[in-house]
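**Student:** what follows is a predicted protein model with its sequence.
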Amino acid sequence: GESTRAIQTHFGASTDIIRDVTERLTKLDETNRQVIGFADQLQNLQDILKNPKQRGILGEYYLESVLKNILGPQNFQMQYKFADGEIVDAAIFLDKGKILAVDSKFSLENYNRLLETRDPADREPLERAFKQDLKNRIDETSKYIRPSENTMDFAFMFIPSEAIYYDLLINQIGAAKTSARDLIEYAFNEKHVIIVSPTSF
């Protein structure tokens, strides 16, 4: 009788352990499915960011979200068209009929290559290419400074990536630690373009 009771006790304990393990495995399986789901979503985001057009759309959407959070709908307009048909990503309407042009720029290819490279010989040409990318974006943004059409005498260049903006802010580009001060000075002093990120904006 004692042996039977002991076996039943052990059997009951084993059953509880098996039930507990089964429940934990079920939860683990659910967690794994969620992780796989997140991985798929991240892959989709990476695919979007590889396409310059889709990346541009994402940057404009981010810009619009920031504007909606800080301004009323009557205070800004997305895809604002100038007299010659040129379109800026956003225009903010200020006092006395003044307009602040905001253009979203998202240069990632050479920046990502620069972060990923481990070969010092490859780094220098990638630094130059990335700096040239940013310089080109600055030049493009400056086209929207049009005092004859009531714009301010400066424009904002919106960079949707905090990482790129931060590297510019601390005067370093990527892992190479190349000075970016000349780019910021070029933007502000020569082109009257102020570079902003979602946070600084």
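**Tutor:** Okay, I see it. Note that this is a predicted model, so its numbers are computed, not measured.

**Student:** ranges for the strands of the chain?
**Tutor:** Assigned by DSSP state E, the strands in the chain fall at 76-81, 87-93, 99-104, 155-158, 193-196.

**Student:** tabulate the ones you listed (JSON lines), appending distance to Asp20, mean pLDDT and mean neighbour count.
**Tutor:** Placement of C-beta: from N, CA and C, glycine included. Listed next are those as JSON lines, based on distance: least, Cβ to Cβ, whole Å; pLDDT from 0 to 100; neighbours: other Cβ atoms under 10 Å:
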{"stretch": "strand 76-81", "distance to Asp20": "55", "mean pLDDT": "94", "mean neighbour count": "15"}
{"stretch": "strand 87-93", "distance to Asp20": "56", "mean pLDDT": "94", "mean neighbour count": "20"}
{"stretch": "strand 99-104", "distance to Asp20": "53", "mean pLDDT": "93", "mean neighbour count": "23"}
{"stretch": "strand 155-158", "distance to Asp20": "53", "mean pLDDT": "93", "mean neighbour count": "25"}
{"stretch": "strand 193-196", "distance to Asp20": "54", "mean pLDDT": "90", "mean neighbour count": "21"}
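
**Student:** what's the closest of those strands to Leu25?
**Tutor:** Closest to Leu25 of those is strand 99-104 (Cβ to Cβ; 46.7 Å).

**Student:** how about that closest one as CSV, C-alpha atoms only?
**Tutor:** Output of strand 99-104 as CSV, limited to C-alpha atoms (Å, rounded to 0.1, in the frame of the first residue of the first chain):
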residue,chain,number,x,y,z
ILE,A,99,6.7,80.3,-46.1
LEU,A,100,9.4,77.9,-44.7
ALA,A,101,10.3,75.2,-47.1
VAL,A,102,11.2,71.8,-45.7
ASP,A,103,12.7,69.1,-47.9
SER,A,104,13.2,65.5,-46.7
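
**Student:** for Ser142, give its distance to Ala187.
**Tutor:** Noted for Ser142: a distance of 8 Å to Ala187, by Cβ to Cβ, to the nearest Å.

**Student:** anything in contact with each of those two?
**Tutor:** Jointly contacting Ser142 and Ala187 under the rule Cβ atoms under 8 Å, 6 or more residues apart in numbering are Val193.

**Student:** mind listing the helices for the chain?
**Tutor:** 2-50, 52-70, 109-116, 120-142, 162-169, 181-185 (DSSP state H).

**Student:** what's across from Val196 in the sheet?
**Tutor:** Beta-bridge pairing for Val196 (DSSP bridges): Phe158.

**Student:** so for Ile17, what pLDDT did the model give?
**Tutor:** Ile17 carries a pLDDT value of 73.

**Student:** same question, Ala13
**Tutor:** With respect to pLDDT, Ala13 scores 66.
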